[in-house]
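Asker: Fold the following and give me the result.
(chains A, B, C, D, E and F)
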Protein chains: 4
Amino acid sequence: MPRATPSDRRERILDSAREEFAERGFAAARMEDIARRVGISRAALYLAFDSKEAMFRALVSEVITEMMPTLLPSDYGSLPAPALLRAFVKNAMKRIASPDMAFLPRLIVGEGRNFPELARFYHETALICVLGAVERLIIHGIDRGEFACADPKMAARSVAGGIIFAALWRNVFEPVGAEPLDVEWMAENHAGLILAGLRRGDVA
Amino acid sequence: MPRATPSDRRERILDSAREEFAERGFAAARMEDIARRVGISRAALYLAFDSKEAMFRALVSEVITEMMPTLLPSDYGSLPAPALLRAFVKNAMKRIASPDMAFLPRLIVGEGRNFPELARFYHETALICVLGAVERLIIHGIDRGEFACADPKMAARSVAGGIIFAALWRNVFEPVGAEPLDVEWMAENHAGLILAGLRRGDVA
Amino acid sequence: MPRATPSDRRERILDSAREEFAERGFAAARMEDIARRVGISRAALYLAFDSKEAMFRALVSEVITEMMPTLLPSDYGSLPAPALLRAFVKNAMKRIASPDMAFLPRLIVGEGRNFPELARFYHETALICVLGAVERLIIHGIDRGEFACADPKMAARSVAGGIIFAALWRNVFEPVGAEPLDVEWMAENHAGLILAGLRRGDVA
Amino acid sequence: MPRATPSDRRERILDSAREEFAERGFAAARMEDIARRVGISRAALYLAFDSKEAMFRALVSEVITEMMPTLLPSDYGSLPAPALLRAFVKNAMKRIASPDMAFLPRLIVGEGRNFPELARFYHETALICVLGAVERLIIHGIDRGEFACADPKMAARSVAGGIIFAALWRNVFEPVGAEPLDVEWMAENHAGLILAGLRRGDVA
DNA sequence: AATGAATGAGGTTTCATTCAT
DNA sequence: AATGAATGAAACCTCATTCAT
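Answerer: Now for the predicted structure:
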């Protein structure tokens, strides 16, 4: 049975760090608690990461990087845009609102001012990719005559808004008593509403 | 000229606290910085508030309470629902994304886990009010035969999603280099898209 | 009875710091011990000094600055150079080898590598002043026909050597069992030997 | 080709330890840096030495022991005392101020309080030997009618003072910008001055 | 009412040292 | 013999909070 490799250890630490940071935010998370969760000493954390900040950065980067490929459909060759958009919304909302991902927007939003480069990384690596993909998808639909939309970029923001809403609702408000959100159902409705709007053209 | 009343002092402190908490979040904000901003000593803060937490709670409550009345139209008697909804979206997005309000969602999202009762208060006092108002507005539109919508509650969430998106974009991502968001324009488009989706004849 | 002024506090801290740093060197001295010696809490030290390093620097600078004026004779107008030199050697050796000063060369020597700017400060503020004064004194004697000396700068170093020897002996070696040094007597002899050499000319 | 013996390894470690301790002093030297310099793991250091302290002790003892035989002239049968003394001063100053020796006085002075037995060892093994040898040499000169000196022991201290001065100057102050010391020239002058002072006819 | 001074609790980080492999 | 991994014991430093004046 091989010994734990260094990267194994990093992974195990990041798993625990994720829980602590997700639970308490950067400042309130304690290295001791992370270490205890991993089952190692505080000092051992510093074998894998230079500092609490470095660990936090690594965690956020990793989660963002992990998450991205699962969000965007790999190719949408000749499929009709409405089906593609509906599929994207359902998939993305389910992914982002899932318990092991939803902490990310919360962390980014909460710590963005103290870790600007993480906010920037999230913005560049996740947000604009997603927004760009949605925008292209809408343009794809316009090209195919399926959508009418004056400003696809703005429409993409409306799409993203619903997804973020779901993530925050589940992660921020449900724990304090908010009525549980049926993510599938909301995805269905959000996609439906947006699609109806796009089919018809988003002008009053 | 009357002497400063105790509540004057509380207000002046809360104004400074708002800036510090908005800039750094709860944990990283320092009482010393707040005091310096007010121009008083650290100890004097404790004459007005029992603790940092109490100050934070008071601030958040106050801001929520202040914000609410400005969000909802007082009455929308016989006006057509589309115009009302459009007006609401434009007003709410402009208000919530304005520099002196946008920090609130960020704080709620960031500190919600550490201050569950604030998240709860925000949820109960702000979120469900807004969502409820929007929902009723949509129902109002359905009643008038202007809207068609299978689940008004879900549609209200889509409406709110766009608003939250705008607030977070301005407050979290613009400071780290995101392309500036034209809130008016996004409000216009968001409302337009939603309205197009809600218009009778919805084909979701 | 007035309250302790901030600079009083700094002084009291520096007095204690002197003892701890003198006893253990920079690295091994503990802030807790310094605080206990002053009779205050560790945290209070940080009201007066930014860091352990800052405290150490302040201490060394202060001691150097305090020491200097006591070393050099204010003026040596028309007095014969031999008497002046003898007086200087006796005074300087007694001062530098005294218990409350002798720790300084030891700290400078011991920590000079880790605090180069302190070594530099000591060199510039103390060493070259003293060496320069002695050198000028010797030149003064040459001018008066009392001394013969090929290189007064080097002779000054021989003078200083004896003084440093006394300081280190008392501070480093006496505590570990070295035969106690009669500083007065050594000063007398050191001055006598040097003077005899200078009178005669330092060539073999 | 024989395998490296345990004492080979000790030597290689001590060579590296010398550099680190010389550069940073005992407390600030890190076992990791020493190990890296040797090219072995930190743990391997403990196969050769019980502890950091033990290593430091071994190093200092070794250097002292190595240095001593090179300092004193083995025998000075019928040579004239002045030449012997001059030779000793030049040799000793050159040796002690040389880059690979000069760190020793610095370490002894700097760490003497924390390692009293090393200071004691240095005192007993090096200092009093050297001082004794010089003293005997002076007495030898007195006996031969070449020197006149009331207290040879004190004169020996003056001799040693110049040597220590040179070592500290080179090792402590030159690295922080002091004017480079021409050790040969200082030795020449120091010996000359002392000899002039010691020559029969001393009029101290 | 107001504050300068003080502190206790707690956090991150470092490093000599140990030990299973 | 050798080491990568792990740790326990500090040490420095911060900051919300208190209190005498």
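
Asker: can you give me the helices for chain A?
Answerer: Using DSSP state H, the helices of chain A run over residues A:6-28, A:31-38, A:42-48, A:52-71, A:81-97, A:103-111, A:116-122, A:128-143, A:152-168, A:183-200.

Asker: Which strands or helices does the first one pack on?
Answerer: Think helix A:6-28. On a contact count with 3 or more C-beta pairs under 8 Å, 6 or more residues apart in numbering or on different chains; DSSP states H and E, helix A:6-28 meets helix A:31-38, helix A:42-48, helix A:52-71, helix A:103-111, helix B:6-28. Glycine gets a C-beta too; all of them are placed from N, C-alpha and C.

Asker: Check whether the second one comes near DNA strand F.
Answerer: Yes - residues of helix A:42-48 are located near DNA strand F by C-beta under 7 Å from any atom of the strand, namely A:Arg42, A:Ala43, A:Ala44, A:Tyr46, A:Leu47.

Asker: For A:Ala54, see how far away the third one is.
Answerer: Yep, that's A:Ala44 we're talking about. Look at A:Ala44 and A:Ala54: by C-beta to C-beta, to the nearest Å, they are 15 Å apart.

Asker: distance of A:Ala97 from D:Ala17?
Answerer: With C-beta to C-beta as the criterion, A:Ala97 and D:Ala17 are 58 Å apart.

Asker: What are the structural domain limits within chain A?
Answerer: A:6-49, A:60-200 (automatic domain parsing).

Asker: Relative to A:Pro82, how far out is A:Ile138?
Answerer: Distance, A:Ile138 to A:Pro82, by C-beta to C-beta: 10 Å.

Asker: which residues are common contacts for the two?
Answerer: A:Phe147, A:Leu198 (C-beta atoms under 8 Å, 6 or more residues apart in numbering or on different chains).

Asker: For the two, indicate the residue with more neighbours.
Answerer: A:Ile138 (25 against 22; other C-beta atoms under 10 Å in any protein chain shown).

Asker: So the more buried one sits against A:Ala156, correct?
Answerer: Yes - contact criterion C-beta atoms under 8 Å: A:Ile138 and A:Ala156 qualify, at 6.5 Å.

Asker: how about stretch A:91-106: buried residues?
Answerer: For stretch A:91-106, burial by neighbour count (16 or more other C-beta atoms under 10 Å in any protein chain shown) applies to A:Ala92, A:Met93, A:Arg95, A:Ile96, A:Ala97, A:Met101, A:Ala102, A:Phe103, A:Leu104, A:Pro105, A:Arg106.

Asker: With respect to A:Leu181, which of those is nearest?
Answerer: A:Ala97 (7.7 Å; C-beta to C-beta).

Asker: And that closest one, how far from A:Phe173?
Answerer: A:Ala97 is 12 Å from A:Phe173, by C-beta to C-beta.

Asker: Spatially, what comes nearest to the residue nearest to the spatial centre of chain A if we skip its sequence neighbours?
Answerer: Closest residue to the average C-alpha location of chain A: A:Ile96 at 4.6 Å, with C-alpha atoms, centre = their mean. Nearest residue to A:Ile96, sequence neighbours excluded (C-beta to C-beta, 6 or more residues apart in numbering or on different chains): A:Ala167, at 4.7 Å.

Asker: Neighbours of that neighbour, how many?
Answerer: A:Ala167: 25 neighbours (other C-beta under 10 Å).

Asker: wait, doesn't it sit right on A:Asp100?
Answerer: No - between A:Ala167 and A:Asp100 there is no contact under C-beta under 8 Å: 11.7 Å.

Asker: Return the alpha-carbon coordinates of stretch A:185-195 using PDB.
Answerer: In PDB, the C-alpha atoms belonging to stretch A:185-195 read as follows (Å, rounded to 0.1, in the frame of the first residue of the first chain):
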ATOM      1  CA  TRP A 185     -38.300  23.300 -10.900                       C
ATOM      2  CA  MET A 186     -36.800  26.800 -10.700                       C
ATOM      3  CA  ALA A 187     -34.400  25.800 -13.600                       C
ATOM      4  CA  GLU A 188     -37.400  24.700 -15.600                       C
ATOM      5  CA  ASN A 189     -39.300  27.900 -15.000                       C
ATOM      6  CA  HIS A 190     -36.300  30.200 -15.400                       C
ATOM      7  CA  ALA A 191     -35.400  28.600 -18.700                       C
ATOM      8  CA  GLY A 192     -39.000  28.700 -19.700                       C
ATOM      9  CA  LEU A 193     -39.500  32.300 -18.900                       C
ATOM     10  CA  ILE A 194     -36.200  33.400 -20.600                       C
ATOM     11  CA  LEU A 195     -37.000  31.300 -23.600                       C
END
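
Asker: anything in it near chain B?
Answerer: Yes - applying C-beta under 8 Å from any C-beta of the partner chain, one finds that stretch A:185-195 is in contact with chain B at A:Trp185, A:Met186, A:Asn189, A:His190, A:Ala191, A:Gly192, A:Leu193, A:Ile194, A:Leu195.

Asker: Just the buried ones from the residues you listed?
Answerer: Neighbour-count burial (16+ other C-beta under 10 Å) applied to the residues of stretch A:185-195 next to chain B gives A:Met186, A:Asn189, A:His190, A:Ala191, A:Gly192, A:Leu193, A:Ile194, A:Leu195.

Asker: where does chain A have low pLDDT?
Answerer: A:1-6, A:73-77, A:201-204 (pLDDT under 70).

Asker: Where does it get nearest to chain C, residue-wise?
Answerer: Nearest residue of chain A to chain C, counting by C-beta to the nearest C-beta: A:Ser51, 18.7 Å away.

Asker: Neighbours of that residue, how many?
Answerer: 11.

Asker: now do A:Glu32
Answerer: Applying other C-beta under 10 Å, I find that A:Glu32 has 12 neighbouring residues.

Asker: residue contacts, it?
Answerer: A:Arg42.

Asker: Quick check: it vs C:Ser51, distance?
Answerer: Using C-beta to C-beta, we find A:Glu32 at a distance of 25 Å from C:Ser51.

Asker: Ok, A:Pro80 next?
Answerer: 66 Å.

Asker: What of A:Phe21?
Answerer: For A:Phe21, the distance to C:Ser51 (C-beta to C-beta) stands at 29 Å.

Asker: Fine by me, thanks again.
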